[in-house]
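Asker: from the sequence below, what's the structure:
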Amino acid sequence: MSREAEETVQARLGIAPIAWWNDDLPDLSDDVSLEECLRQAAEAGYCGMETGRRFPMDPAVLKPVLDQHGMQVCGGWFSGRLLDGSLEEEKDRVRAQLDLFRATGAPCLIYGETARSIQGDRTVPLARKPRIDKTEMRAYGRKLTAFAEWCAEQGVPLSYHHHMAAVVETEEEIDALMMATGEALGLLYDAGHLAFAGGDVLALIDRHAERINHVHAKDVRLGVVHGIDRERESFLDAVVKGAFTVPGDGDLDFAAILGRLARNGYQGWFVVEAEQDPRQAPPAQMARIGWQELTRLLRAAGYSIETG
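Answerer: All right, here's what the predicted structure looks like:
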């Protein structure tokens, strides 16, 4: 993806519905419809939204709703199980979502490994996250590569989401995954998760820029992150305490992050994705804060922002 520094790079701004509806913690959800969620996001300035639990899987039903609000599908999470499952099982499980994404022109499918993950279990502390050795990582990487190649053949690239409390969480685990997989597997870069895991948010971009094909613009409140007792508290405990937020409301240096992505030639979607308690962080307000900060910093980094 590397390009000459003086060349203009393109960016599009999307948002994830997790600020409105949290799939792992239903209590952290606004009682709003898909239509209202899209309306608020479009009003804030976004032109895309990732899918969530209230999205219909039939493109004939979904596309008119998106068109009404001038929005498009800019990705969406798939709960993968390849770590313990078979390639053929995964193809069967993902087929309907791939069909929807292809029909709606989604840029990628976001693969999140949920096998052995503790990210959705509030009873398990962060210190007990799953880990695998080099041999198992190589076997996992072969399956992921084959799955990514197959998804690309179906017209939808794969983007792997490193995630707190999952098997690929830390900077070292991301490096190992990239070494174990082929170029067909893209990398979703999420500064919030990487910072929470103690990683270097800039160095990772330099090492894996060629693989980054999707970006989640997630910020963190470092005071909350550093205050988590990882021997006793879970990922969801951290979410409830407010570990995550949008750019413009957190502590990460997004000017440096976006500048480094631009320097390495990343073009594509920047998706605000920050799960919070909507009673403490109203989603429409957070959406506006994230959009305003990202547009300011993206332009400063040399991006041209596409609006449609």
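Asker: need the helices for the stretch 51-200 of the chain, in chain order.
Answerer: If DSSP state H, counting those that start in this stretch is used as the criterion, the helices of the stretch 51-200 of the chain fall at 59-68, 87-104, 134-153, 171-180, 191-196.
Asker: low pLDDT regions in the stretch 101-250 of the chain?
Answerer: Of all residues in the stretch 101-250 of the chain, none has pLDDT under 70.
Asker: which residues of it fall in strands?
Answerer: Secondary structure of the stretch 101-250 of the chain (DSSP state E, counting those that start in this stretch): strands at 109-113, 158-161, 185-190, 212-217, 219-220, 244-245.
Asker: could these go into CSV alongside mean neighbour count and distance to residue 253?
Answerer: C-betas here are computed from N, CA, C, even on glycine. As requested, the strands of the stretch 101-250 of the chain are arranged in CSV below (neighbours: other C-beta atoms under 10 Å; distance: least, C-beta to C-beta, whole Å):
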stretch, mean neighbour count, distance to residue 253
strand 109-113, 23, 25
strand 158-161, 26, 22
strand 185-190, 25, 15
strand 212-217, 24, 13
strand 219-220, 24, 10
strand 244-245, 26, 14
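Asker: and residue 142, which of these is closest to it?
Answerer: Comparison of the strands of the stretch 101-250 of the chain against residue 142 by C-beta to C-beta identifies strand 185-190 as nearest, at 10.8 Å.
Asker: tell me what that closest one is packed against?
Answerer: In terms of contact count using 3 or more C-beta pairs under 8 Å, 6 or more residues apart in numbering; DSSP states H and E, strand 185-190 is assigned the packing partners helix 134-153, strand 158-161, helix 203-208, strand 212-217.
Asker: kindly reformat the ones you listed as JSON lines containing distance to residue 125.
Answerer: What follows is those, written out as JSON lines (distance: least, C-beta to C-beta, whole Å):
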{"stretch": "helix 134-153", "distance to residue 125": "23"}
{"stretch": "strand 158-161", "distance to residue 125": "21"}
{"stretch": "helix 203-208", "distance to residue 125": "25"}
{"stretch": "strand 212-217", "distance to residue 125": "24"}
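Asker: coming back round to it: who wins for proximity to residue 76 among the strands of the stretch 101-250 of the chain?
Answerer: The closest of these to residue 76 is strand 109-113. By C-beta to C-beta, the value is 6.1 Å.
Asker: of the helices of the stretch 51-200 of the chain, flag the one that's most buried.
Answerer: Comparing the helices of the stretch 51-200 of the chain on average neighbours per residue, with mean count of other C-beta atoms under 10 Å, the densest one is helix 191-196 at a mean of 25.
Asker: restrict that one to CA atoms and write it as PDB.
Answerer: This file holds the C-alpha atoms of helix 191-196, laid out as PDB (Å, rounded to 0.1, in the frame of the first residue of the first chain):
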ATOM      1  CA  ALA A 191      -5.400   1.600  18.000                       C
ATOM      2  CA  GLY A 192      -7.700   1.300  21.000                       C
ATOM      3  CA  HIS A 193      -7.400  -2.400  21.400                       C
ATOM      4  CA  LEU A 194      -3.600  -2.300  20.700                       C
ATOM      5  CA  ALA A 195      -3.100   0.400  23.300                       C
ATOM      6  CA  PHE A 196      -5.100  -1.500  25.900                       C
END
